[in-house]
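Visitor: Pasting the sequence and the predicted model now:
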Amino acid sequence: MNKVKIVTDSTVDLPNETLEAYGIEIVPLTFTIGQETYTDRVDITSEQFMEKMRQANELPKSSQPAAGQFVEVYNRLGQEGYDIISIHMTAQLSGTVRSAEQAARMAEANVTVIDSQFISLALGFQVLEAAKWAKAGKRVEEIVEHLTHIRRHTHLYITVDTLENLVKGGRIGRGKALIGSLLNIKPIAALIDGVYTPVAKARSYSQVVKYLTERFVEDTAGKTIRAVGIAHADALSLANRLKQSLIDATGYEKIDIVYTTPIISTHTGPGAIGFMYYVE
């Protein structure tokens with residue numbers, strides 16, 4: 001029976017120490033700011049990216065890894081005797097899954113490609129659990145079934161501070177953005193079946209924190225909390241306020257806060273947070 005290796009992409013938002021500890025392989029996306037091209041998680045920090053994005057005249061452009069990059073990784077791992085589970089950000093926001101699927105058909109290895117239907121730490125929930133199960137000697141089929149279970153029990157909410165990046169990225173129309181900005185509306189969306197879906201509007205950070213806390217209390221009542229994370233795009237203060245509110249409401253303290261990848265910050269703009277949790 002072959003060993004199992006987990007591959008993911010650079011939007012996973014897990015710390016490098018965690019990735020290394022579980023032998024998780026990263027295939028990075030790239031992005032362009034002006035005339036400069038950067039490799040995600042390699043050439044530039046999230047903080048440096050945010051500063052460059054603020055100064056840029058145009059929205060940075062991100063690119064999924066070429067199929068050839070995946071083939072190279074898959075073939076190397078296949079030669080090392082691994083079966084491969086390749087788990088990636090939602091296909092609704094990136095062509096990364098399609099690249100991985102194309103590569104899986106070309107590679108001389110046994111590769112199973114999974115659309116996580118999420119991004120950031122919510123993608124990370126699946127990647128980390130898969131890596132733990134792989135380390136425990138579970139088979140590919142068992143791990144894939146477990147990932148389906150995690151997806152069904154994961155929630156992800158996103159709130160943005162500025163609507164400008166959503167307009168430039170084609171997520172909402174300029175008219176809606178203008179009205180939203182005038183009314184100081186902070187939209188809250190969920191990722192449902194991998195799709196960005198507006199669910200509420202807030203007029204202040206306090207309302208954002210209140211809404212997200214209420215959702216968490218409601219969704220976790222009588223259940224076991226498996227993982228909670230907050231990812232932010234230069235919004236650490238709001239992330240900390242939300243964390244404290246969650247602790248006050250539920251007593252659950254194991255809440256990770258991370259600075260999200262430039263790929264996600266490009267879509268959300270500065271001041272955004274993503275709040276995600278996995279319960280069963």
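Guide: Received it, and whenever you're ready, just let me know what you need.
Visitor: From here on, just use CA atoms for contacts and neighbour counts.
Guide: Noted.
Visitor: would His155 count as being in a strand?
Guide: Yes: under DSSP: H, G, I helix; E, B strand; the rest coil, His155 falls within a strand.
Visitor: tell me the contacts of it?
Guide: Contacts for His155 (C-alpha atoms under 8 Å, 6 or more residues apart in numbering) come out as 122, 190-191, 276-278.
Visitor: Can you give me the separation between it and Gly274?
Guide: Applying C-alpha to C-alpha, to the nearest Å, the value for His155 to Gly274 is 10 Å.
Visitor: Show me the contacts of His155 that map onto strands.
Guide: Residues of the contacts of His155 located in strands (DSSP state E): 190-191, 276-278.
Visitor: For the residues you listed, give me CSV that also has pLDDT, distance to Arg139 and neighbour count.
Guide: Below are the ones in strands among the contacts of His155 laid out as CSV (pLDDT from 0 to 100; distance: C-alpha to C-alpha, whole Å; neighbours: other C-alpha atoms under 10 Å):
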residue, pLDDT, distance to Arg139, neighbour count
Ala190, 94, 32, 20
Leu191, 93, 29, 21
Met276, 98, 27, 27
Tyr277, 98, 26, 22
Tyr278, 98, 23, 22
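Visitor: quick check, nearest of those residues to Glu145?
Guide: Tyr278 (15.8 Å; C-alpha to C-alpha).
Visitor: Spit out the contact partners of that closest one.
Guide: 122, 125, 150, 153-155, 225-228.
Visitor: Kindly recompute the last result at 7 Å.
Guide: Neighbouring residues of Tyr278 by C-alpha atoms under 7 Å, 6 or more residues apart in numbering: 150, 153-155, 225-228.
Visitor: Who's the closest spatial neighbour of it, skipping the chain neighbours?
Guide: Residue nearest to Tyr278 in three dimensions, not counting chain neighbours: Thr154, with 4.3 Å by C-alpha to C-alpha, 6 or more residues apart in numbering.
Visitor: before we move on, what about Gly95?
Guide: Nearest to Gly95 is Gln64, by C-alpha to C-alpha, 6+ apart, at 6.0 Å.
Visitor: quick revisit: sort out which one of the contacts of His155 lies nearest Leu29 for me.
Guide: The closest of the contacts of His155, once distances to Leu29 are taken by C-alpha to C-alpha, is Ala122, at 17.8 Å.
Visitor: Return the per-residue confidence for that closest one.
Guide: Ala122 is assigned 98 on the pLDDT scale.
Visitor: To what extent is it buried, counted in neighbours?
Guide: When counting by other C-alpha atoms under 10 Å, one arrives at 30 neighbours for Ala122.
Visitor: now it: how far from Val12?
Guide: 8 Å.
Visitor: if we can go back for a sec, out of the contacts of His155, who's nearest Val73?
Guide: Set against Val73, the nearest of those by C-alpha to C-alpha is Ala122 (23.4 Å).
Visitor: Let me see the contact set for the nearest residue to that closest one once chain neighbours are set aside.
Guide: Of all residues not flanking Ala122 in the chain, Met276 sits nearest, at 5.9 Å (C-alpha to C-alpha, 6+ apart). Shown in contact with Met276 (C-alpha under 7 Å, 6+ apart): 122, 155-157, 228-230.
Visitor: my read is Lys243 is in a helix, agree?
Guide: Yes: assessed with three-state DSSP, Lys243 lies in a helix.
Visitor: ok, now how distant is it from Gly271?
Guide: 16 Å.
Visitor: For the helix or strand where Val71 lies, which helices and strands make contact with it?
Guide: Using DSSP states H and E, Val71 maps to helix 67-79. Helices and strands touching helix 67-79, by 3 or more C-alpha pairs under 7 Å, 6 or more residues apart in numbering; DSSP states H and E, are helix 96-106.
Visitor: ok, then the element right after the helix it packs on?
Guide: Next along the chain from helix 96-106, counting by DSSP H and E, comes strand 111-115.
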